[in-house]
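Q: Fold the following for me, if possible:
(one chain, ligands or ions: 1)
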Amino acid sequence: MTVERITELDDWPFDVRDLFPGHPGDGRISLTIATHLIRTPDLTVLVDAGNGDGRDRPGMPAHHMLDAGWAVRLAERVVPDDVDVVVCAHLHPDHCGGLTTGDGRPAFPAARHLVSRADLDALRAVHRHGEPAGLARTWEDSVAPVLAAGLVHPVDAREDGVDLGHGVRLRSAPGHTPGHLVVEIGPPGGPEVVIGGDVLHHPLQFADLDLAQAGDADPARAARTRRDLCERLARSGGLLLPSHFAPGRVRQAGDGFAYTPSR
Ligand SMILES: [Zn+2]
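A: Below you'll find the predicted structure:
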């Protein structure tokens, strides 16, 4: 079993208050966009597909017309046709934009795409209303073609614990989106690795788990999910592989948590 981290962007800058409206400070912070490739003895599993290059995302300048070469770097690690399973932590554009090629075909044509049903329903509704336009486009160019090809297997929240074998499980982690998923590896209850998606966006949230990210659909639920994930990781000593900052380990620190990047 191996887990590889393939980054799309290493420096994705934001004004801290644009990302965290409740943060008392100001200045700029930098995120990454990272995706992960799990190889078990049976399956090659891609977790998240990045933003993708050349995506027209009206009103979303951070996601608009990237030129980052993620698909090329991924193809150096795995032939896209050899990906067996694609998991999307959620359906925001920086996690599902790479599900299709530039000409709108599914990028992983042999893969079962495991996507939260709640997030599918939410994005379908956004598309129906046409707003916000950048998310409506995400449905059109990144999700709808994969659905039309019959490759999407919706995951219900009640299916918590979807098992991919060899200790790889999907786990419901709602709040940032209604159906946000994380991928855990290891014994149930004691994860050795958690691919955490957007449960946390930046290490400054460890000291203040209530600090909502501007895109959190349900901030109170998102805060509970952050605490639950931190408690599980602090207990197990497992490694967190987040989408938007460096991998590391979580430990209890007073009433909150502290984070130590692993490299
Ligand atoms: Zn994200």
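
Q: Which part of the stretch 151-263 of the chain gets nearest to the ion, residue-wise?
A: residue 198 (4.3 Å; CB to the ion). All C-beta spots, glycine's among them, are computed from the backbone N, C-alpha and C.

Q: okay, now that residue: neighbour count?
A: A total of 24 residues lie near residue 198 under the criterion other CB atoms under 10 Å.

Q: What parts of the stretch 151-263 of the chain come near the ion?
A: Contact residues, the stretch 151-263 of the chain versus the ion (CB under 5 Å from the ion): 198, 243.

Q: so where do the strands sit in the stretch 151-263 of the chain?
A: Applying DSSP state E, counting those that start in this stretch to the stretch 151-263 of the chain gives strands spanning 152-155, 163-165, 168-172, 181-185, 193-197, 239-242, 248-253, 256-261.

Q: okay if I get the ones you listed as TSV plus mean pLDDT, distance to residue 65 and mean neighbour count?
A: TSV is the format used below for the strands of the stretch 151-263 of the chain (pLDDT from 0 to 100; distance: least, CB to CB, whole Å; neighbours: other CB atoms under 10 Å):
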stretch	mean pLDDT	distance to residue 65	mean neighbour count
strand 152-155	96	26	18
strand 163-165	94	34	14
strand 168-172	95	32	21
strand 181-185	97	28	25
strand 193-197	98	24	26
strand 239-242	98	25	23
strand 248-253	96	31	16
strand 256-261	96	30	16
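
Q: one step back: can you tell me, leaving aside adjacent residues, what's nearest to the residue of the stretch 151-263 of the chain closest to the ion?
A: Excluding the flanking residues, the one nearest residue 198 by CB to CB, 6 or more residues apart in numbering is residue 176, at 4.7 Å.

Q: I figured the one you found hits residue 215, correct?
A: Yes: in this structure, residue 176 is within contact of residue 215 by CB atoms under 8 Å, at 6.8 Å.

Q: can you list residues touching both of those two?
A: When contacts are counted by CB atoms under 8 Å, 6 or more residues apart in numbering, residue 176 and residue 215 are jointly contacted by residue 198.

Q: which one of these two has more residues nearby?
A: It is residue 176, of residue 176 and residue 215, that has more neighbours when counted by other CB under 10 Å, with 27 against 13.

Q: Return the residues in contact with that one.
A: Contacts for residue 176 (CB under 8 Å, 6+ apart) come out as 90, 197, 198, 199, 213, 215, 216, 217, 222, 225.

Q: Then residue 63?
A: 51, 55, 57, 93, 94, 97, 134.

Q: filter the contacts of residue 176 to the buried ones?
A: Neighbour-count burial (16 or more other CB atoms under 10 Å) is assigned, among those, to 90, 197, 198, 199, 213, 216, 217, 222, 225.

Q: Make TSV from those residues and add distance to residue 113 to it.
A: Listed next are the buried ones among the contacts of residue 176 as TSV, based on distance: CB to CB, whole Å:
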residue	distance to residue 113
90	13
197	15
198	18
199	21
213	25
216	24
217	21
222	24
225	23
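
Q: if we can go back for a sec, which one of the contacts of residue 176 sits closest to residue 36?
A: The shortest gap between residue 36 and any of the contacts of residue 176 belongs to residue 197, at 9.9 Å (CB to CB).

Q: Look up the closest residue to the closest one, ignoring the ones flanking it.
A: Using CB to CB, 6+ apart and skipping residues adjacent in sequence, the residue nearest residue 197 is residue 89, 2.8 Å away.

Q: Quick one: residues contacting residue 162.
A: Residues counted as contacts of residue 162 (CB under 8 Å, 6+ apart) are 114, 155, 169, 170.

Q: got it, and residue 238?
A: The neighbourhood of residue 238, defined by CB under 8 Å, 6+ apart, consists of 186, 190, 191, 192, 193, 194, 232, 249.

Q: low-scoring stretches of the stretch 51-200 of the chain, by residue?
A: Within the stretch 51-200 of the chain, the ranges that satisfy pLDDT under 70 run 159-160.

Q: Residue 211: neighbouring residues, count only.
A: 23.
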